[in-house]
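Visitor: sequence and predicted structure below; questions after.
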There are 4 protein chains.
Amino acid sequence: MPVTRVSQPDAQEGHKKTSAERSRAATRARLLASARTLFAARGLHKVTTHDIAADAGVAAGTFYLHFSDKREIFREIAEATLSELKARLDDASDGVTERETEVRAQALALTDFALENRDVIRILFSADDDAAAVESDLLEEFALWIEEGRREDIVAGEMPAEIDPTLLSHAIVGMWARVLKWWLENPERVSRDELVETLCRIQLSGTHPA
Amino acid sequence: MPVTRVSQPDAQEGHKKTSAERSRAATRARLLASARTLFAARGLHKVTTHDIAADAGVAAGTFYLHFSDKREIFREIAEATLSELKARLDDASDGVTERETEVRAQALALTDFALENRDVIRILFSADDDAAAVESDLLEEFALWIEEGRREDIVAGEMPAEIDPTLLSHAIVGMWARVLKWWLENPERVSRDELVETLCRIQLSGTHPA
Amino acid sequence: MPVTRVSQPDAQEGHKKTSAERSRAATRARLLASARTLFAARGLHKVTTHDIAADAGVAAGTFYLHFSDKREIFREIAEATLSELKARLDDASDGVTERETEVRAQALALTDFALENRDVIRILFSADDDAAAVESDLLEEFALWIEEGRREDIVAGEMPAEIDPTLLSHAIVGMWARVLKWWLENPERVSRDELVETLCRIQLSGTHPA
Amino acid sequence: MPVTRVSQPDAQEGHKKTSAERSRAATRARLLASARTLFAARGLHKVTTHDIAADAGVAAGTFYLHFSDKREIFREIAEATLSELKARLDDASDGVTERETEVRAQALALTDFALENRDVIRILFSADDDAAAVESDLLEEFALWIEEGRREDIVAGEMPAEIDPTLLSHAIVGMWARVLKWWLENPERVSRDELVETLCRIQLSGTHPA
DNA sequence: GATGAATGAGTATTCATTCAT
DNA sequence: AATGAATGAATACTCATTCAT
């Protein structure tokens, strides 16, 4: 089951759902699940709204009762995935004080997340120009989030101030995105632990304070 | 001026060009130049063959006298660019023996190349799924090329053998690709030298032999 | 009125049609009717799918909701027509025992059918290479059907065994096809009865058992 | 070698040809020969003027120095073929007085001609609507020619006057055209003599004077 | 809320024909 | 006479999106 909960109707509303509401939510969830799978298999623009509707078992028009267009459903999937990923990374560093341990824990969380969500990772981590055009460049947003963390590191004296945090965050994101995509398609080439070890080493030693 | 010489009709043939040959080559060059610009501006699949022909000032059908389809012209641009880039990197490390000096020289060559070819870099370094589908994933090929260099480093004892060279090459390529794309759009954020310094530091320290 | 019922939505389904189903069937029928007319007037490949759609009063894309391409709609018309024709010829010889009477009855049925379906006959009987390419060479199939009948005649001793039935069926089909096409365009030249008389005479006397 | 001499530059001019004239005639002949072959192989409208020119080893534009368009070269081939065929049939009946012997002689001439020119027969005898559109329906013209012969037979008392000669000529042409096309593709099915025998029998007995 | 038939702009590609050289 | 680059109209087919039921 997808960790991003893409297909789970949210339950934060306080009131009991009517049957109609429940059915609507279910349809929406089915559309999201189908879109995820199809995007993963064929890429953003090789999938038509008809394909998604058909896969979800609803009529073509129904798609537009739930999403205003193809970009919207893509954006939604991307955002849900990113939120989940951030949460996982936050969890991973929770209570950890040492920077090296934290980086390693996050790296592990990241690889696990990639393994669990290999389908979405394929598209969301691809820096596809389409995706970007869709105003939802996941990597861009991810880089921003990482950047914040780096700034905190600088403030905390754990990273040399002369390194530009934006530059660094892009380097990290680019490195991980490409490596993960490659690895998911060739998982037999390196073990998860080797991968984590190598990338942490690169990331850490290059950015240690003198 | 494009460094890749995409638009320079080659002159190495021994015979005098007929006027027709010259005109044909000129048209072809105009199509390539237009394609470069348009791909850079809008991405591979937001550009039609009509757009390219129109921009080049020729009729729609003329495109097909020179390229069998959109993928072919893209592939041609990609390949010319990659060849040029490799040549530049080779030149940069020519006669250099120390690894650190070499890495730095290559990083400089890479940034200069990116500056000179900002238009192509935008698409070719984007890992666009379309581009990959076009069987000319520049980054993939570039990673392979880098991998070879890393293997030589291992043999030469300049890199620890326990680092998987494929993994490393993907990390390097991913990092540079993302960083360069970001930097070309925000060149005021870091100077070329800072960029080179930071990335070399990451790349080197992470992969030094113990 | 078309005898082939090409435009009659079939009603053999047990359930009530929804309004959508009815509308769909009506559109489909209009497309078939338009195609028939246009093919007849201009031949298979001088008619575009746009022409058909326009003539049927629907948008260009609508054509493809009903037929996968031009060849399919042609095949459908051809097959419906041939089925109807065979049924008519079978009816004509129903209960007839004498071969001469049967041949004459079928000849009459054939001319009547041609008169009623002059439009389709024009293309379907033309041995157009296009039509054949469309894998629906009506005449080929018709010849096969006739051949069977001839084989039965031989078995029944009503035709000399030394005549090759395939050869004969092609001769009959070729003769009728050409004659009917000519006659439909020049109906004033010979009366229906004269035509039937002449062709029956040729067909019968040449193939009588000694 | 084609009997229709399609590819033989004509020599009826009284004066010596200049070298330019000879070269021009040779090019023209090559174009005709290529067109014949290509039309036979792929049908009229699956052949482009470029194909013909390329096959003939000349530039695309050269085609138009010799023929005003695709229809003209087709017409020319058709007409040359028909002339040759008529000449053959005339030769076959030369000096023959008995109708039965004549019909048989012509049938033999026809089958021989078909065998020698199988390539052209494929298209020219196909009643292709294209060909007709090209204003060169060979079969139409052939039927007219046969009709004349029938009229003479009626005058000579060798055919009953009540048979419409036009109708009959279409029947004959249709029969032969279809049968020959079938036979050329399945020559092993019936021997030439069987074929001639069967068709003559049909043709003669149906049209004998009482 | 869901359906699904219909829309029509959009795109790749072909090819007869022209014309400057 | 021949060349061959260029033209551009024509055409099949796709797909996001709408809307009457």
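Guide: Perfect, I can see it now. Numbering: from 1, shown residues only, chains lettered A, B, ... in the order given.
Visitor: against B:Ala33, how distant is the residue in chain A that DNA strand E sits nearest to?
Guide: Residue of chain A nearest DNA strand E, by Cβ to the nearest atom of the strand: A:Gly61 (1.6 Å). Where you see a C-beta, it was placed from the backbone N, CA and C, and this is true even at glycine. A:Gly61 is 44 Å from B:Ala33, where distance means Cβ to Cβ, to the nearest Å.
Visitor: which one of those two has more residues nearby?
Guide: In terms of neighbours (other Cβ atoms under 10 Å in any protein chain shown), B:Ala33 is the more surrounded of A:Gly61 and B:Ala33; the figures are 18 against 9.
Visitor: so which elements touch the helix or strand hosting that one?
Guide: If you go by DSSP states H and E, B:Ala33 is part of helix B:19-42. Packing partners of helix B:19-42 (3 or more Cβ pairs under 8 Å, 6 or more residues apart in numbering or on different chains; DSSP states H and E): helix B:49-56, helix B:63-66, helix B:70-93, helix B:118-124.
Visitor: repeat the analysis, applying 6 Å as the threshold.
Guide: helix B:49-56, helix B:118-124 (3 or more Cβ pairs under 6 Å, 6 or more residues apart in numbering or on different chains; DSSP states H and E).
Visitor: quick check: next helix or strand after the helix or strand of chain A with the lowest mean pLDDT?
Guide: When each helix and strand of chain A is scored by mean pLDDT, DSSP states H and E, helix A:129-133 comes last, with a mean of 62. Sequence-wise, the next helix or strand downstream of helix A:129-133 (DSSP H and E) is helix A:138-155.
Visitor: that following helix vs chain B: in contact?
Guide: No. Figure legend: helix A:138-155 not in contact with chain B (Cβ under 6 Å from any Cβ of the partner chain); closest approach 7.2 Å.
Visitor: got the buried residues for that helix?
Guide: For helix A:138-155, the buried set under the neighbour-count rule, 16 or more other Cβ atoms under 10 Å in any protein chain shown, comprises A:138-140, A:142-143, A:146-147, A:149-150, A:153-154.
Visitor: for that helix, the distance to its chain's centre please.
Guide: Offset of helix A:138-155 from its chain centre (Cα atoms, centre = their mean, to the nearest Å): 15 Å.
Visitor: how about residues contacting it?
Guide: A:78, A:82, A:124, A:127, A:159, A:161, A:165-166, A:168-170, A:172-173, A:177 (Cβ atoms under 6 Å, 6 or more residues apart in numbering or on different chains).
Visitor: returning to what we had before: lowest average pLDDT across the helices and strands packed on helix B:19-42?
Guide: Among the helices and strands packed on helix B:19-42, helix B:118-124 carries the lowest mean pLDDT, at a mean of 83.
Visitor: packing partners of it?
Guide: With contacts taken as 3+ Cβ pairs under 6 Å, 6+ apart, helix B:118-124 sits against helix B:19-42, helix B:70-93.
Visitor: one more time with 8 Å
Guide: Short answer (3+ Cβ pairs under 8 Å, 6+ apart): helix B:118-124 packs on helix B:19-42, helix B:70-93, helix B:165-185.
Visitor: my guess is A:Lys70 contacts A:His50, does it?
Guide: No. Applying Cβ atoms under 8 Å, one finds A:Lys70 not in contact with A:His50, separated by 10.6 Å.
Visitor: who's more crowded, those two?
Guide: Of the pair A:Lys70 and A:His50, A:Lys70 is the one with more neighbours under other Cβ under 10 Å, namely 18 against 11.
Visitor: please tell me how far the closest residue to the more buried one other than its chain neighbours sits from A:Ala92.
Guide: Take A:Lys70 and drop its neighbours on the chain: the residue closest to it by Cβ to Cβ, 6 or more residues apart in numbering or on different chains is A:Thr49, 5.6 Å away. Distance of A:Thr49 to A:Ala92, computed by Cβ to Cβ: 37 Å.
Visitor: one more: A:Ala41?
Guide: Separation of A:Ala41 from A:Ala92 (Cβ to Cβ): 29 Å.
Visitor: which ones are touching the residue nearest to A:Lys70?
Guide: A:60, A:63-64, A:69-70 (Cβ atoms under 8 Å, 6 or more residues apart in numbering or on different chains).
Visitor: return the residues of chain A in contact with DNA strand E.
Guide: For chain A, the contact set with DNA strand E under Cβ under 7 Å from any atom of the strand comprises A:20, A:23-24, A:27, A:58-62, A:65-66.
Visitor: ok, whichever residue of chain A sits closest to chain D - contacts?
Guide: Using Cβ to the nearest Cβ, A:Lys46 is the residue of chain A that sits closest to chain D, at 31.6 Å. Listed by Cβ under 8 Å, 6+ apart, A:Lys46 has no contact partners.
Visitor: if you count neighbours, what's buried in the helix holding B:Ala33?
Guide: By 16+ other Cβ under 10 Å, the buried positions in helix B:19-42 come out as B:25, B:27-40.
Visitor: just stretch A:57-73 next, same as before
Guide: Using 16+ other Cβ under 10 Å as the test for burial, stretch A:57-73 gives A:58, A:62-63, A:66-67, A:70-71, A:73.
Visitor: over to stretch A:93-109?
Guide: Buried residues in stretch A:93-109, counted by 16+ other Cβ under 10 Å: A:93, A:99, A:102-109.
Visitor: stretch A:81-93 now?
Guide: A:81-82, A:84-85, A:88-89, A:92-93.
Visitor: and of the helices and strands packed on helix B:19-42, who's closest to D:Val190?
Guide: helix B:49-56 (53.2 Å; Cβ to Cβ).
Visitor: okay, how far is it across stretch A:94-102, tip to tip?
Guide: When the termini of stretch A:94-102 are compared using Cα to Cα, to the nearest Å, they are 8 Å apart.
Visitor: again, but for stretch A:147-162
Guide: Taking Cα to Cα, stretch A:147-162 runs 14 Å from one end to the other.
Visitor: which ones are touching A:Leu38?
Guide: By Cβ under 8 Å, 6+ apart, the neighbours of A:Leu38 are A:47, A:51-52, A:55.
Visitor: and it, what's its pLDDT?
Guide: Looking at A:Leu38, its pLDDT is 92.
Visitor: break chain A down into its domains, please.
Guide: Domain segmentation of chain A under automatic domain parsing yields A:19-70, A:71-205.
Visitor: lowest average pLDDT across those domains?
Guide: Mean pLDDT values for the domains of chain A show the minimum at domain A:71-205, a mean of 87.
Visitor: from chain A, which residue is nearest to chain C?
Guide: Closest point on chain A to chain C, by Cβ to the nearest Cβ, is A:Ala59, at 10.5 Å.
Visitor: contacts only, for that residue.
Guide: Counted by Cβ under 8 Å, 6+ apart, A:Ala59 has contacts A:Ala53.
Visitor: now it: phi and psi?
Guide: Main-chain dihedrals, A:Ala59, degrees, to the nearest 10: phi -80, psi 160.
Visitor: so which of the helices and strands packed on helix B:118-124 comes closest to C:Asn117?
Guide: Across those, closest to C:Asn117 is helix B:70-93 (Cβ to Cβ), at 46.4 Å.
Visitor: nearest to C:Arg189, of the buried residues of helix A:138-155?
Guide: A:Leu138 (77.4 Å).
Visitor: nearest to C:Asn117, of the buried residues of helix A:138-155?
Guide: Comparing the buried residues of helix A:138-155 against C:Asn117 with Cβ to Cβ places A:Leu138 closest, at 61.9 Å.
Visitor: for that closest one, give its distance to B:Glu100.
Guide: 35 Å.
Visitor: ok, A:Thr18 next?
Guide: From A:Thr18 to B:Glu100 the distance is 68 Å (Cβ to Cβ).
Visitor: quick one: secondary structure of A:Val58?
Guide: Recorded secondary structure, A:Val58: coil (DSSP: H, G, I helix; E, B strand; the rest coil).
Visitor: list the contacts for it?
Guide: Here A:Val58 is in contact with A:27, A:30-31 (Cβ under 8 Å, 6+ apart).
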